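*Asks:* here's a sequence, model it:
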Amino acid sequence: MGSFKSTLSDRQAIGAFAAGCVAVTLGVLAHLPMFAMARSMHYRLAGMAMDNTMLVGMGLIVLGTFVAAYGLLPRNVSAQRAQAAQIVVAAPEDAHLGLAHWGLMAVLTVALVIDVMKPASLGFTVPGMISEYGVPKKTVSLVPFFALAGTVTGSVLWGWIADVYGRKASILLSAVMFVGTSICGAMPSLAWNIAMCFMMGAAAGGMLPVTYALLAEMMPSRHRGWSLVLVGGLGAVGGYFAASGLSALLQPIFGWRILWLANLPTGLTLVLLGALIPESAKFLLARGRVAEAEAVMRRFGAKARRASLASEESRRGSHVLVGFQLYGKLAALSICALSWGLINFGLLLWLPADLVAKGYSVGVSSRLLAESALIAFPTVFLAALLYSRWSTKWALTAMIALTLAGLLLVLRLELAGGGSPVLPVALLIVGTNGIIAIVLPYTAESFPLRVRGRATGWVAACTKGGGLLAQGLTISGIILSMGTSSLLVMVPTALSLVLVAWFGRETRGRDLRDLDGDQS
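*Replies:* Okay, the predicted model is just below:
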């Protein structure tokens, strides 16, 4: 419990956070009896009325979330935010990469796996929801649509939460929300599923940017690029593999609802992992907890300085985003992110239902996708190696090319009318996970200081925007085959390949302060 003191300021706050976690957990457990009673109906709950125990459980979840948030909220927020704005924490270029850094990378990778598997599970629940609720695909598409709307909301909201609560605290609050949204697996109506998925998306939306922020403050600068790519890539591939693996193992026995109920143990695991995640030294210093901040900085070889000094060092030319090259760079990365969203939250979400429609069982289709994710797993290390040792620009370009190859093979699979989907899906997963692992770090390393945050935030929003566009097409009743969808997505993917190759600039080994004078 002592490790929580780096996030929670006193015993009362610790007690509030613990009480909130217990209340949320009890609220979820109150929904399990109805799920268990539906065993004889293969866990189909559609049309059943919620009993008083479930209603009380929902109240406990809402109350527990607010109590946990209160426990995490620091005191004197305004003063601490102002103080934090004046502090820059970073590890020196030549800092030693020690056990603490590797441990942090491992913990944050597991946290991202848990985070990514939530939205990744959406595609595996769609066939079961269509069958149980007896509604068309376009109606069920409201579930991933609102989940993605939640991630857009979360991407904006979680940045503010991370600034107010701290990096670690925002991860813990996200974990508590994950636990609460597991009741989606016991909701008897589609409307409640939609509402819970919005909450799940809001919790998941900001995890990746917060992870990048925490790593950036802890990792030595010469190791920052490859570590961000490796953690992000392993989290993305691992999350998709976990979702497809759980679907293959559990869905044939318990039905689609078990994928939501899995949020209970995985969310609690994330809460417990919080004990191993250090709070940012920046926020500890802002809260006057100097001794704890110094202990964290000693472990990670980091140093703190005033923002005014950092600004003075980079005063040689910090400019707003102007110039054809910089606008072209932003357009290239935005289209790349949009294409990723169309594939990850469109094609890959529709694929399980498409395989079932072609005659594959849910278990077989899930196993095929799990095998594809397993094939993609080693390539994350290759992406990190290429990014850090070969070229940041061409590593991203290569991942876009792999994605384009995967789309071509999906189109060929549709036109041929048969064959195994393992290789096409493996290439898509390799390419898309490589893109999402690289595109945000590369964006952050490609723009001047004063627009870096806005540019990175915009590109991150484009990844969700592609998904919203894909699901909006389905909701509007526009039904496209996988072949047609692949063909249409090829257009922005190919365009992003050309634009990144044209406008992208090499950032490997470059002092980011040089960008502040780069207007070409």
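
*Asks:* domain map for this protein?
*Replies:* Domain ranges of the chain: 77-313, 316-520, per automatic domain parsing.

*Asks:* now render these as JSON lines, adding distance to residue 47, mean neighbour count and mean pLDDT.
*Replies:* No exception for glycine: its C-beta is placed from N, CA and C like everyone else's. Listed next are these as JSON lines, based on distance: least, CB to CB, whole Å; neighbours: other CB atoms under 10 Å; pLDDT from 0 to 100:
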{"stretch": "domain 77-313", "distance to residue 47": "6", "mean neighbour count": "21", "mean pLDDT": "76"}
{"stretch": "domain 316-520", "distance to residue 47": "22", "mean neighbour count": "20", "mean pLDDT": "75"}
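
*Asks:* what's the closest of those to residue 14?
*Replies:* domain 77-313 (11.7 Å; CB to CB).

*Asks:* relative to the whole chain's centre, how far out is that closest one?
*Replies:* Offset of domain 77-313 from its chain centre (CA atoms, centre = their mean, to the nearest Å): 6 Å.

*Asks:* strands along the stretch 401-520 of the chain, start to end?
*Replies:* Using DSSP state E, counting those that start in this stretch, the stretch 401-520 of the chain contains no strands.

*Asks:* can you give me the helices for it?
*Replies:* Remark: helices assigned in the stretch 401-520 of the chain by DSSP state H, counting those that start in this stretch are 422-444, 449-475, 482-503.

*Asks:* can you tell me which of these comes nearest to residue 408?
*Replies:* helix 482-503 (7.3 Å).

*Asks:* just the element for the nearest residue to residue 271 once chain neighbours are set aside, please.
*Replies:* The shortest distance from residue 271 to any non-neighbouring residue, by CB to CB, 6 or more residues apart in numbering, is to residue 175 (4.6 Å). Assigned by DSSP states H and E, residue 175 belongs to helix 167-181.

*Asks:* now for whichever helix or strand comes after that helix, which elements pack on it?
*Replies:* Sequence order places helix 190-205 as the next helix or strand after helix 167-181, per DSSP H and E. In terms of contacts (3 or more CB pairs under 8 Å, 6 or more residues apart in numbering; DSSP states H and E), helix 190-205 is packed against helix 99-120, helix 122-133, helix 142-165, helix 167-181.

*Asks:* mind listing what the residue nearest to residue 271 touches?
*Replies:* When contacts are counted by CB atoms under 8 Å, 6 or more residues apart in numbering, residue 175 touches 114, 267, 268, 270, 271, 273, 274.

*Asks:* same question, residue 69
*Replies:* Contacts of residue 69 by CB under 8 Å, 6+ apart are 20, 173, 176.

*Asks:* so where's the longest helix in the protein?
*Replies:* Ordering each helix of the chain by length in residues (DSSP state H) puts helix 221-254 first.

*Asks:* which strands and helices lie in contact with the helix or strand that that one is followed by?
*Replies:* Helices and strands here follow DSSP H and E; after helix 221-254, the next one along the chain is helix 258-261. When contacts are defined as 3+ CB pairs under 8 Å, 6+ apart, helix 258-261 packs onto helix 122-133, helix 221-254.

*Asks:* contacts for helix 258-261 next, please.
*Replies:* Residues contacting helix 258-261 (CB under 8 Å, 6+ apart): 32, 35, 43, 121, 124-125, 181-186, 196, 243, 246-247, 250-251.

*Asks:* before we move on, the earlier item: any idea how far residue 38 is from the residue nearest to residue 271?
*Replies:* 28 Å (CB to CB, to the nearest Å).

*Asks:* before we move on, back to that, quick one: list the elements packing against the longest helix of the chain.
*Replies:* helix 99-120, helix 122-133, helix 207-218, helix 258-261, helix 362-376, helix 379-385, helix 422-444.

*Asks:* quick one: closest of these to residue 484.
*Replies:* Comparing the helices and strands packed on helix 221-254 by CB to CB, helix 422-444 comes nearest, at 15.3 Å.

*Asks:* and the closest one, how far out from the chain middle?
*Replies:* Centroid separation for helix 422-444 versus its chain: 13 Å, with CA atoms, centre = their mean.

*Asks:* please export the C-alpha coordinates of it as PDB.
*Replies:* Extracted as PDB, the C-alpha positions of helix 422-444 are listed here (Å, rounded to 0.1, in the frame of the first residue of the first chain):
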ATOM      1  CA  VAL A 422      -4.500 -16.000 -41.900                       C
ATOM      2  CA  LEU A 423      -1.900 -14.400 -44.100                       C
ATOM      3  CA  PRO A 424      -4.000 -11.400 -45.300                       C
ATOM      4  CA  VAL A 425      -5.100 -10.700 -41.700                       C
ATOM      5  CA  ALA A 426      -1.600 -11.200 -40.400                       C
ATOM      6  CA  LEU A 427      -0.300  -8.600 -42.800                       C
ATOM      7  CA  LEU A 428      -3.000  -6.200 -41.800                       C
ATOM      8  CA  ILE A 429      -2.300  -6.700 -38.100                       C
ATOM      9  CA  VAL A 430       1.500  -6.400 -38.700                       C
ATOM     10  CA  GLY A 431       1.000  -3.200 -40.700                       C
ATOM     11  CA  THR A 432      -1.600  -1.500 -38.700                       C
ATOM     12  CA  ASN A 433       0.000  -2.200 -35.300                       C
ATOM     13  CA  GLY A 434       3.300  -1.000 -36.800                       C
ATOM     14  CA  ILE A 435       1.600   2.200 -37.900                       C
ATOM     15  CA  ILE A 436      -0.100   2.900 -34.500                       C
ATOM     16  CA  ALA A 437       3.200   2.100 -32.700                       C
ATOM     17  CA  ILE A 438       5.200   4.500 -34.900                       C
ATOM     18  CA  VAL A 439       2.900   7.300 -36.000                       C
ATOM     19  CA  LEU A 440       2.400   9.100 -32.700                       C
ATOM     20  CA  PRO A 441       6.000   9.000 -31.600                       C
ATOM     21  CA  TYR A 442       7.000  10.100 -35.100                       C
ATOM     22  CA  THR A 443       4.500  12.900 -35.100                       C
ATOM     23  CA  ALA A 444       5.800  14.100 -31.700                       C
END
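
*Asks:* skipping its backbone neighbours, what lies nearest residue 226 in space?
*Replies:* Distance criterion CB to CB, 6+ apart; nearest residue to residue 226, sequence neighbours excluded, is residue 388 at 3.3 Å.

*Asks:* isn't residue 96 up against residue 220?
*Replies:* Yes. Using CB atoms under 8 Å, residue 96 is in contact with residue 220, at 7.5 Å.

*Asks:* next, show the common contact partners of these two.
*Replies:* In contact with both residue 96 and residue 220: residue 301, using CB under 8 Å, 6+ apart.

*Asks:* residue 333 versus residue 506, what's the distance?
*Replies:* Distance from residue 506 to residue 333, by CB to CB: 15 Å.

*Asks:* many thanks, have a good one.
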